[in-house]
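Asks: Give the three-dimensional model of this entry:
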Amino acid sequence: MENPNPKPRKEYLIYLQMKYAGEKLVFSFGQHIDPVNWNSKKQRAKANASTTADGKHYVNDLLDNLEQETLQAYNELIKSGIPAPESIRARLQAFMNQNDEKADSSKTGLFALIQKFIDNDILYRGRKRKESTTRTFKTTLHHLKGFAEKNKTAITYDSITLDFYYQFVKYLEKQGLNANSRGKYIKDLKTVMGEAVDLGYTSNLQFKHKKFAVTREDTDAVYLTWDEILKLYRHDFSADTRLDRVRDLFVFACCVGLRYSDCSRIGPEHIINRDGRPFISIRTQKTGKPVIIPCHPLVIELIKKYDNSLPKAPANQVFNRYIKDVCRLAGLTDTGRLESEPTACLYECISAHTARRSCLTNFYLEGVPVYDLMKISSHSSEKSFKRYIKISNQDVATRLDEHIQKNWDKKLLRVAV
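Replies: Predicted structure coming up:
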């Protein structure tokens with residue numbers, strides 16, 4: 001007589017196991033099977049019609065695809081040394097997730113979410129991001145797609161692991177990108193992953209690990225002293241109107257500390273008077289913050305020269321090419337200003353951005369408080385500001401020498417008396 005309430009058979013978890021070079025990979029993908037329907041010798045379901053729990057795939061097809069993906073991942077990763085089991089596991093997890101994401105139309109995939117950042121559909125503190133920022137996200141997406149194509153793997157939210165980070169950084173290094181560029185793209189990826197967590201697309205938090213770091217290193221750059229700026233300003237370029245205007249725009253930027261994108265927008269509406277003194281008032285393009293800057297004597301002369309305005313600025317790349325010619329002709333040809341390229345002439349190291357750095361560095365060396373300069377530069381933190389300005393060891397030694405002479409002359413004088 002049959003039992004009217006038979007106990008359901010216990011199903012066992014199917015998992016993939018691979019041993020190689022002393023390593024062991026175990027990968028579970030959430031599927032179970034009745035042991036009666038399992039062929040231990042073939043490591044497949046006895047019934048080819050057996051389907052996965054959601055009924056969307058045949059079990060044996062899934063196992064065949066997983067085996068193929070495992071071998072493919074191993075053969076590709078072994079070229080760089082014996083792969084860690086986590087590396088292969090990440091590939092397998094990405095393989096499984098890509099099917100899940102295709103099936104779930106309500107869930108935006110990682111690349112699609114990055115595209116939303118590019119299209120400015122994701123706001124930052126309630127407002128759209130600047131074009132320069134969305135352009136960086138576009139480059140980040142380009143590198144992620146390049147990495148995925150090279151490694152023949154899908155990149156999903158769950159595949160953004162610490163192991164992925166190491167591989168992606170290595171890939172970016174091979175593309176010739178420096179630490180700051182790599183850090184910029186990692187920062188974008190962390191931002192996107194944070195948004196994905198907030199939207200409920202993933203619960204993967206490995207991107208918050210302290211080792212999942214945004215790399216940064218100080219750049220080697222130059223600034224011009226006030227004497228060099230005056231030398232440039234006094235050079236006669238009257239025979240070449242183009243170079244004369246480029247020089248004037250550069251000197252103007254050296255005195256106000258604005259970015260080139262803001263200097264190129266200066267017009268009569270940005271010149272205001274307070275108590276009989278001229279000031280520049282403008283809302284910066286990158287940060288959207290309003291700044292008010294006193295007009296340096298050279299700025300006042302330049303504004304008068306161009307009837308309370310400035311000459312039309314060429315495109316940034318064109319300006320960078322012209323300003324090198326300007327500085328070379330003005331005699332800014334000494335070497336040794338770059339530690340990374342000690343034989344490079346000074347004029348070769350100058351670009352539009354040198355003007356902003358020169359302004360902030362010179363005022364800092366003159367003792368203007370950092371907080372006051374940050375109001376002009378629109379830097380968000382003192383740390384980022386100090387990383388931006390460029391002070392050589394000689395600058396520091398000179399300032400310390402001046403401090404010693406000023407204070408110890410008085411002390412020695414008191415002792416002598």
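
Asks: helices and strands of the chain: which one has the lowest mean pLDDT?
Replies: Using mean pLDDT, DSSP states H and E, helix 393-416 stands out as the lowest-scoring helix or strand of the chain, at a mean of 65.

Asks: Please tell me how far E382 sits from F279.
Replies: Using CB to CB, to the nearest Å, E382 is found at 24 Å from F279. C-beta coordinates here come from the backbone N, C-alpha and C atoms, glycine included.

Asks: out of the two, which sits in the more crowded spot?
Replies: Legend: neighbour count by other CB atoms under 10 Å for E382 and F279, higher for F279 (15 against 12).

Asks: and the most centrally placed residue in the chain, what does it touch?
Replies: For the chain, the residue nearest the mean C-alpha position is K184 (1.3 Å; CA atoms, centre = their mean). Listed by CB atoms under 8 Å, 6 or more residues apart in numbering, the contact partners of K184 are 136, 140.

Asks: Regarding the protein, what is its longest strand?
Replies: Longest strand of the chain, by residue count under DSSP state E: strand 23-33.

Asks: Now do that one: distance to the chain's middle.
Replies: 37 Å (CA atoms, centre = their mean, to the nearest Å).

Asks: returning to what we had before: quick check: phi and psi on the residue nearest to the centre of the chain?
Replies: Backbone torsions for K184, taken as degrees, to the nearest 10, come to phi -60, psi -40.

Asks: Flag every buried residue along stretch 123-135.
Replies: The neighbour-count check on stretch 123-135 (16 or more other CB atoms under 10 Å) flags 129-130, 133 as buried.

Asks: Correction: the previous question concerned stretch 369-386.
Replies: With burial defined by 16+ other CB under 10 Å, the residues of stretch 369-386 counted as buried are 370, 373-374, 376-379, 385.

Asks: what ranges do the helices span in the stretch 251-400 of the chain?
Replies: Listed in chain order, the helices of the stretch 251-400 of the chain (DSSP state H, counting those that start in this stretch) span 260-263, 297-305, 316-329, 352-365, 370-377, 382-388, 393-416.

Asks: tell me the domain boundaries of this protein?
Replies: The record's domain split for the chain, according to automatic domain parsing, is 7-106, 107-217, 226-392.

Asks: just for the stretch 301-417 of the chain, where's the confidence low?
Replies: The model of the stretch 301-417 of the chain has pLDDT under 70 over residues 390-399, 403, 408-417.

Asks: Quick one: closest of the helices of the stretch 251-400 of the chain to Y171.
Replies: For Y171, the closest of these is helix 382-388, at 26.4 Å, according to CB to CB.
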